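Peer 1: take this sequence and fold it.
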Amino acid sequence: MKKLLWPTLLALLLCTSCTDAERHAFESKCDAPLRTRVEWVLQTDGPGATTKIEVLGKVSGLIDAERRKLLESAGAEIGTVNDALFTARIRPVDVAHVAALDFVLSLQLSQTREAQ
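Peer 2: All right, here's what the predicted structure looks like:
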């Protein structure tokens, strides 16, 4: 029963806060580790989670001031920008909003590496 609770909770959350296009973008543009992290944070912290997830994004073309503003208005706190790649911190409920932007090609969970 517990195994069915959190997918149901996630589905309910995504259904109430996202459009069909945003749900499709979340599933198609976000890698599996990012989708899993979003689900985990929503399960543990609830839909009002303020925890931000570090992501690496790829866009078509370059990120200019207008695109940066669109990313920020969708909920991304932009970090580094390098041509078509960017890093950002995004609340779990906003990941689908960012993914739904037409110029966003992909989002993936940021990886941290330990020093050798």
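Peer 1: tell me which other helices or strands the helix or strand containing residue 87 touches.
Peer 2: Counting by DSSP states H and E, the secondary-structure element that holds residue 87 is strand 85-90. Contact here means 3 or more C-beta pairs under 8 Å, 6 or more residues apart in numbering; DSSP states H and E; on that basis strand 85-90 packs against strand 53-59, strand 76-82. Heads up, the C-betas are built off the backbone N, CA and C, glycines and all.
Peer 1: would you turn these into TSV with distance to residue 31?
Peer 2: Output for those, formatted as TSV (distance: least, C-beta to C-beta, whole Å):
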stretch	distance to residue 31
strand 53-59	9
strand 76-82	16
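Peer 1: related to what we said a few turns ago, what comes into contact with the helix or strand just after the strand holding residue 87?
Peer 2: Tracing the chain past strand 85-90, the next element assigned as helix or strand by DSSP H and E is helix 95-99. Surrounding helix 95-99, the residues in contact under the criterion C-beta atoms under 8 Å, 6 or more residues apart in numbering are 14, 17-18, 22-23, 25-26, 29-30, 34, 38, 53, 55, 57, 71, 74-76, 88, 90, 104, 107.
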